[in-house]
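Engineer: Below: sequence and its predicted model.
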Amino acid sequence: MPAMNAPAPSTAVPLRQDARTIGLIGLAHGSSHFFHMLLPPMFPWLIEAFHLSYAELGFLVSLFFVVSGVGQALAGFVVDRVGARPVLFGALGCFVASSLVAASAQGYGGLMAAAALAGLGNAPFHPVDFTILNKRVSAPRLGHAFSVHGISGNLGWALAPLFLAGLTTAFGSWRVAYLGAAAWAAAVLALMVWHRDALDDRQGAWAHEAPAAAGSAAAAPRPAEHPLAFLRLPSVWLCFSFFFWTTVALSAIQSFASPALRAMYGLPLTVTALVVTGYMLAGAAGMVLGGFIVARTERLEKVIALCLGFCGVMLALVGTGWLPGPAAIGVAALAGLGTGLAGPSRDMLIKRAAPPGATGRVYGTVYSGLDLGFAVAAPLLGRLMDAGQAHAIFFCSAGALIAGVSSAALVGRGLALRRAAPAAAVA
């Protein structure tokens with residue numbers, strides 16, 4: 001984990017400088033997660049407007065994440081070559097375009113175009129965000145930067161249903177809600193351009209990946225590796241697997257927890273819609289604590305296992321149907337606390353697994369597992385809903401979390417062996 005061992009500069013980076021970069025990236029990341037939810041909160045209105053099934057709506061979610069997943073793996077190479085900042089600006093522009101297309105959609109084809117554009121905009125965010133954070137945020141604050149990054153994503157997920165459904169209800173038109181989303185993305189883009197100096201990863205304030213300190217300038221340079229050499233690392237694919245399984249679980253909650261709770265417990269949609277917001281807010285609270293945990297823990301996979309195990313138990317309990325309706329909503333929302341606590345540990349685990357100089361490529365590849373998870377899960381879970389198997393939504397989510405814990409455990413074991421190897425060689 002060379003990136004963690006970079007020499008400290010003689011002068012500490014001011015808090016204000018770090019906070020500015022962290023805040024901007026947090027806002028950008030929150031906006032990307034907002035656009036993950038461009039379509040799911042509007043499913044009831046889109047069903048009424050276009051007479052669609054849950055399986056058809058699930059395909060729209062899949063389209064978003066197929067475009068995003070393929071684009072994310074490629075975006076990592078673009079970020080490493082041309083820099084993160086211009087890619088960020090282009091991504092936010094795609095969000096503006098996707099919202100305008102959704103607002104003017106006249107049928108299923110228009111919704112498909114909106115989903116594809118939003119997926120294209122979402123594709124670069126993780127390689128962009130983590131490249132900028134790793135280049136510009138000082139090492140002592142990096143764990144907290146990861147925490148804020150995760151919190152902002154959850155807040156974006158939580159805000160989207162309130163924002164879109166609120167505008168639809170207030171103006172009596174889902175098209176107005178999408179115009180509001182376009183205005184939001186345009187405002188964020190303008191702010192990023194205004195503060196573009198704080199996002200310049202080519203002029204990093206803290207060179208985590210600097211190859212040498214002043215005392216080692218004469219050291220022999222390492223031979224350049226092939227750009228795809230990182231794909232030979234098992235840890236990269238285990239991290240990919242971890243994201244795939246945990247995202248299957250998240251997809252179940254985001255897209256179908258609300259209608260599943262309505263079907264199981266007979267609660268009105270206006271009440272069950274709160275479960276996604278509650279889950280994301282609980283996750284955000286967990287990430288605040290997770291930022292402190294990651295700074296004090298060496299075996300991060302143990303933190304991940306404990307937290308995701310708690311989440312899986314809560315969701316399985318909801319799936320049994322044993323709880324009173326309001327309690328089921330509360331327990332499902334509380335499960336988000338476990339995913340939030342695990343978030344910063346997850347991101348630091350990936351950082352430790354990444355070889356130097358390949359930050360964008362590694363994060364792009366690993367996080368494309370997130371997109372694949374959403375793409376695969378949405379239509380399959382939609383079919384379960386169409387078949388009246390609402391309880392299976394929660395059991396599938398719990399099972400996927402257990403599979404994710406297994407992947408994280410293998411990553412942690414590999415890192416532990418890597419750390420032990422130099423000590424064994426010296427002995």
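Structural biologist: Cool, the structure landed. Given the structure is predicted, the values throughout are model-derived calculations rather than measurements.
Engineer: residues near the residue nearest to residue 291 when sequence neighbours are not counted, how many?
Structural biologist: Nearest residue to residue 291 in three dimensions, chain neighbours excluded: residue 147, at 2.7 Å (C-beta to C-beta, 6 or more residues apart in numbering). (Glycine included, C-beta is placed from N, CA and C.) Close neighbours of residue 147, defined as other C-beta atoms under 10 Å, add up to 30.
Engineer: Now do the host helix or strand of residue 147: distance to the chain's middle.
Structural biologist: Assigned by DSSP states H and E, residue 147 belongs to helix 142-171. Helix 142-171 has its C-alpha centroid displaced from the chain centroid by 12 Å (C-alpha atoms, centre = their mean, to the nearest Å).
Engineer: Let me see the mean pLDDT of it.
Structural biologist: Here helix 142-171 scores 85 as its mean pLDDT.
Engineer: Buried residues, that helix. List them.
Structural biologist: By neighbour count on 16 or more other C-beta atoms under 10 Å, the buried set for helix 142-171 is 142-161, 163-165, 167-168.
Engineer: Thought residue 101 was touching residue 113, still the case?
Structural biologist: Yes - with contacts defined as C-beta atoms under 8 Å, residue 113 counts as touching residue 101 at a distance of 5.1 Å.
Engineer: Comparing these two, which residue is more hemmed in?
Structural biologist: Higher neighbour count among residue 113 and residue 101: residue 101, with 20 against 17, using other C-beta under 10 Å.
Engineer: Please report the distance of the more buried one from residue 95.
Structural biologist: According to C-beta to C-beta, to the nearest Å, residue 101 and residue 95 sit 11 Å apart.
Engineer: How about residue 324?
Structural biologist: 40 Å.
Engineer: So which residue is smack in the middle of the chain?
Structural biologist: Ranked by distance to the mean C-alpha position of the chain (C-alpha atoms, centre = their mean), the top residue is residue 153 at 6.3 Å.
Engineer: if I pick it, what's in contact with it?
Structural biologist: Residue 153 makes contact with 29-30, 32-33 under the criterion C-beta atoms under 8 Å, 6 or more residues apart in numbering.
Engineer: Make a ChimeraX selection of the buried ones in those.
Structural biologist: Remark: buried members of the contacts of residue 153, expressed as a ChimeraX selection using 16+ other C-beta under 10 Å:
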select :29,30,32,33
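Engineer: Inside helices: which ones of the contacts of residue 153?
Structural biologist: Mapping the contacts of residue 153 onto helices (DSSP state H) picks out 29-30, 32-33.
Engineer: With respect to residue 333, which of the residues you listed is nearest?
Structural biologist: Of all the ones in helices among the contacts of residue 153, residue 333 sits closest to residue 33, with 17.2 Å by C-beta to C-beta.
Engineer: so how far is residue 401 from the closest one?
Structural biologist: For residue 33 relative to residue 401 (C-beta to C-beta), the value is 19 Å.
Engineer: now do residue 40
Structural biologist: 20 Å.
Engineer: Pick out whichever of these two has more residues nearby.
Structural biologist: The neighbour comparison of residue 40 against residue 401 (other C-beta under 10 Å) goes to residue 401, with 28 against 24.
Engineer: Past the helix holding residue 147, which element shows up next along the chain?
Structural biologist: Past helix 142-171, the next helix or strand by DSSP H and E is helix 174-194.
Engineer: Which elements pack onto that following helix?
Structural biologist: Applying 3 or more C-beta pairs under 8 Å, 6 or more residues apart in numbering; DSSP states H and E, one finds that helix 174-194 contacts helix 15-36, helix 43-50, helix 84-103, helix 142-171.
Engineer: Now do it: distance to the chain's middle.
Structural biologist: Taking mean C-alpha positions (C-alpha atoms, centre = their mean), helix 174-194 and its chain are 20 Å apart.
Engineer: Stretch 57-71 too?
Structural biologist: Stretch 57-71 has its average C-alpha position 14 Å from the chain's average C-alpha position, going by C-alpha atoms, centre = their mean.
Engineer: Also stretch 336-351?
Structural biologist: 11 Å.
Engineer: got the contacts of residue 153 as JSON lines, with pLDDT and distance to residue 346 columns?
Structural biologist: Below are those laid out as JSON lines (pLDDT from 0 to 100; distance: C-beta to C-beta, whole Å):
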{"residue": "29", "pLDDT": "93", "distance to residue 346": "14"}
{"residue": "30", "pLDDT": "93", "distance to residue 346": "18"}
{"residue": "32", "pLDDT": "93", "distance to residue 346": "17"}
{"residue": "33", "pLDDT": "91", "distance to residue 346": "15"}
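Engineer: give me the number of residues near residue 324?
Structural biologist: Residue 324 has 9 neighbouring residues, counting by other C-beta under 10 Å.
Engineer: what sits against the residue nearest to it when sequence neighbours are not counted?
Structural biologist: Nearest residue to residue 324 in three dimensions, chain neighbours excluded: residue 265, at 7.9 Å (C-beta to C-beta, 6+ apart). By C-beta under 8 Å, 6+ apart, the contact set of residue 265 is 272, 321, 324-325, 328.
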